[in-house]
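**Q** below is the structure, and that's it, no one-letter string:
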Ligand SMILES: [Zn+2]
């Protein structure tokens, strides 16, 4: 039996505009005390009216351009009506009938294959507030508090076509999207903090019997790993149902972290009628071609373009280029280092292994050092003042503290010894202590050189310049 | 005499006593008229060219520090944290707000009988309604409690009560006056307008409250001159009268007679009058009663007992929502919310709401075509004069009375009602509608009728004598 999985995503991106979507309140409310970034507009006071934040429109256009969408000169806001305590107006302002952009795509790489994922639509909407339940859970709470700080924060919703065929692809799509959002500097893309939220629609086709299961919506996947895990779980659950001839309910399920399963949140019969209609308080958004072009020309180089340029210009493998381009800061750092050292491949290796490992260990996305650090490190190696091994040894400390490599070296007393006289002395002493080995060399056992080199390295705790030691050992043994 | 004073009169006289006189007049007459839901305990004095002139504000326009109830139990104790833009502008010019006037709950009605608190009486006959929904604002001006007032007009709510109470009521072009702070009923139709004792006063107030507001993106930046041409004549102007006025069966005979007299006056003024057809006008009321309730059902969703206003706790969230809204909203408001919820539902959106939007576009195009050829369209403001309190109970009869006023809201054009005689002892209003942004011209035409009206009292509109 063969099964084919069909996944479509609905992704909400929190925009990092200065102010909220429709009022002057600040939009960055992370960790603010409840209800401190609010005003009559975002708390739905009677008589208050929304005013469109124009940088929100610019941000949305940027994302739409990066996702190769058709951007519409005419778009409009609509009201989505439903009751919930975190929704102060009793409706959400969104774009339903005329979204700002449609018909785009994003290419993702999975298993060395490039796959094009079509984007159905991209629209702007406002976020709702947050309920804080007294006690541990909603079911036990006697009452709940409403924090309206998040009300009115601008979001862009991106809806893909059902072009993704595995949980893995779903994850890479969202990862790639986040990279782009960060390149554009329109969102932090932080899934854990809710700045990037992903819901998925998944169904499975039983290709042997040509049956497609109902679509299940999966929510609460608040990390890349959970997207993959939740969809893997859900995919298996649906396949099992198909196999056993059971009906797959059309429903919404949530990823439950504690049980590592998906659980039913609401069924089909609870689907709401949102009574969408044009928002009469906001005139249509008219985007001139000029404005769109202006935004297009202000776009930064996007990851895919950067990868191609890196391959061309620095002659590094595609794999390296893709790893570097995953994060704009790293890519920029790489380029700055190459500019100073003129060693594209070496720097790329260094960043990909030494630096990324360090960042992963520190669980940071911040680069605490400057290209000058890398330049110094490379110069020291080039001049033979330190070995690669030494460089690797000190790098974690350099990266963590931000101190220059030379500082760390001298503090640890780890300068590479290139003093010929000193090395000669050490070798001579070793020869005197072990005349037998000298004899062996003279009788033709030339690999005894390694023994003496080892002795020197031992004596200097690895800080002698190995090449130099090698030369001197040979010279003295010959002599 | 204070009660007959206009804004213009106030500008030319000592204004120190006006606020006190207004409060005194309210104390003596309001037990009878009941225009006010709340009267300021301490009237805020503001500097400006209109300093000391007392006005009243309809209770659906927010006033910082004064209750704004919308004549609804659900907002019975609501104090807005901010002034509406139009209120702020009036204050900036020195006007003093003495109180908030009664209305039909959330402006849904034409008589103030739908107020959750009480019915305002018509100063001409206290057994009659003052009209609505801005009935309190109209009665307060007619009975001389204030010099002028603000109302809001969604389907005639400024013009019809002005007509019933024999005063001037002006609905500006949609987008000229900020709606920021006007508690929304139907956002695409609502517009704040003045109720005054003279056309000139309406123009004076429009000069202050109109203009682009950064807090309302439906306001326009276009500058409109309301005042400077107001004393010019109307010779050679062309007025259109819709045949549909005569075809309306419920048109009161005496109202029709006054209207004919008005048309004669037009000719005396040197203008010409011609009958035209606006076929889509007969769908205006139906269209209005789809669009307005639909928008209202959404606008009123915020009154859920969570953040402000009335909350009646019941088991569960849904229980609290239901109980709060059932008790908090009156019957008419609930009727319209249900109506609007229905027409917006996915299954009926096309058949009702979207169709209404289409008819609205057709009506706009029909009316605008007429206004391309004529300077104004004339109709009676209301087909009937003020009726007895409690005499109209069927909602449909009630809705159909809006026939002449709703087109201006659906099309977004300026319209004014000025007094023009009486029918059965109650005032009759003449409505003048003009092209979008022709507000100045509409006021000028109205001023000409006002000057020439055979019903004038010493060159002014007649005002009722309120016996205390
Ligand atoms: Zn706000």
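**A** Nice, I can see it. Since the model is a prediction, treat every value here as computed from it, not as a measurement. Residues are numbered from 1 along each chain as shown, chains lettered A, B, ... in the order given.
**Q** make sure residue B:287 is indeed in a helix.
**A** Yes. Judged by DSSP: H, G, I helix; E, B strand; the rest coil, residue B:287 forms part of a helix.
**Q** I'd say it and residue B:362 touch.
**A** No. Contact criterion C-beta atoms under 8 Å: residue B:287 and residue B:362 do not qualify, at 9.2 Å. Bear in mind the C-beta positions are built from the backbone N, C-alpha and C, glycine included.
**Q** what does the average pLDDT come to for stretch A:235-246?
**A** On average, the pLDDT along stretch A:235-246 is 89.
**Q** so for that stretch, what gets flagged as buried?
**A** Buried residues in stretch A:235-246, counted by 16 or more other C-beta atoms under 10 Å in any protein chain shown: A:235, A:237, A:238, A:239, A:241, A:242.
**Q** dump these to TSV, plus distance to the ion.
**A** Below are those laid out as TSV (distance: C-beta to the ion, whole Å):
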residue	distance to the ion
A:235	41
A:237	42
A:238	42
A:239	47
A:241	46
A:242	48
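**Q** among those residues, which are located in helices?
**A** A:235, A:237, A:238, A:239, A:241, A:242 (DSSP state H).
**Q** after the helix or strand encompassing residue A:202, which helix or strand is next?
**A** Assigned by DSSP states H and E, residue A:202 falls within strand A:196-206. Using DSSP H and E, the helix or strand that follows strand A:196-206 towards the C-terminus is strand A:211-212.
**Q** what sits up against the next helix-or-strand element following that following strand?
**A** Helices and strands here follow DSSP H and E; after strand A:211-212, the next one along the chain is strand A:216-219. With contact meaning C-beta atoms under 8 Å, 6 or more residues apart in numbering or on different chains, strand A:216-219 is reached by A:199-203, A:230-231, A:234, A:238, A:248-255, A:262, A:265.
**Q** repeat for stretch B:383-397
**A** B:111, B:113, B:119, B:121-122, B:124-125, B:127-131, B:164-165, B:248, B:250-252, B:254-255, B:332, B:335, B:398, B:401, B:403-404, B:422-424, B:426-428.
**Q** one more time with 7 Å, if that's ok
**A** With contact meaning C-beta atoms under 7 Å, 6 or more residues apart in numbering or on different chains, stretch B:383-397 is reached by B:113, B:119, B:122, B:127-131, B:164, B:248, B:250-252, B:255, B:335, B:398, B:401, B:403-404, B:423-424, B:426-428.
**Q** list the buried residues of that stretch.
**A** B:383, B:384, B:385, B:386, B:387, B:389, B:392.
**Q** tell me the span between the first and last residue of that stretch.
**A** 12 Å (C-alpha to C-alpha, to the nearest Å).
**Q** greatest separation within the buried residues of stretch B:383-397: which pair is it?
**A** B:383 and B:389 (18.7 Å; C-beta to C-beta).
**Q** distance between the ends of stretch B:272-285?
**A** One end of stretch B:272-285 sits 28 Å from the other (C-alpha to C-alpha).
**Q** care to break the chain down by domain?
**A** No chain was given, so I picked chain A. A:3-290, A:301-411, A:420-478 (automatic domain parsing).
**Q** that's the wrong chain, I wanted chain B
**A** Using automatic domain parsing, chain B is parsed into the domains B:2-240+B:378-452, B:282-359.
**Q** show me what the mean pLDDT comes to for the shortest one.
**A** I take that to be domain B:282-359. 95.
**Q** by proximity to chain A, which residue of the stretch 201-350 of chain B wins?
**A** At 2.4 Å from chain A, residue B:301 is the closest residue in the stretch 201-350 of chain B, using C-beta to the nearest C-beta.
**Q** double-check that that residue belongs to a strand.
**A** No. Applying three-state DSSP, one finds residue B:301 to be helix, outside a strand.
**Q** grab the nearest non-local neighbour of it.
**A** residue A:90 (2.4 Å; C-beta to C-beta, 6 or more residues apart in numbering or on different chains).
**Q** check that neighbour and give its pLDDT.
**A** pLDDT at residue A:90 comes out at 96.
**Q** for chain A, what's the longest strand?
**A** Ordering each strand of chain A by length in residues (DSSP state E) puts strand A:113-126 first.
**Q** what pairs with it, parallel or antiparallel?
**A** strand A:101-110 (antiparallel), strand A:154-160 (antiparallel) (DSSP bridges).
**Q** which among those is found nearest to the ion?
**A** strand A:154-160 (11.8 Å; C-beta to the ion).
**Q** report the mean confidence score over that closest one.
**A** 98.
**Q** over to residue B:139. Which of the three states is it?
**A** Relying on three-state DSSP, one would call residue B:139 helix.
**Q** my read is that it contacts residue B:33, right?
**A** Yes. Between residue B:139 and residue B:33 there is a contact at 5.3 Å, judged by C-beta atoms under 7 Å.
**Q** quick one: which of those two has more around it?
**A** Between residue B:139 and residue B:33, counted using other C-beta atoms under 10 Å in any protein chain shown, the more crowded position is residue B:139 (37 against 24).
**Q** quick one, what contacts the more buried one?
**A** With C-beta under 7 Å, 6+ apart, residue B:139 has these contacts: B:33, B:35, B:120, B:121, B:122, B:123, B:130, B:165.
**Q** any low-confidence regions in the stretch 51-200 of chain A?
**A** A:136-139 (pLDDT under 70).
**Q** next structured bit after the helix or strand where residue B:364 lies?
**A** For residue B:364, the element it lies in under DSSP H and E is helix B:355-373. Per DSSP H and E, the first helix or strand lying C-terminal to helix B:355-373 is strand B:376-380.
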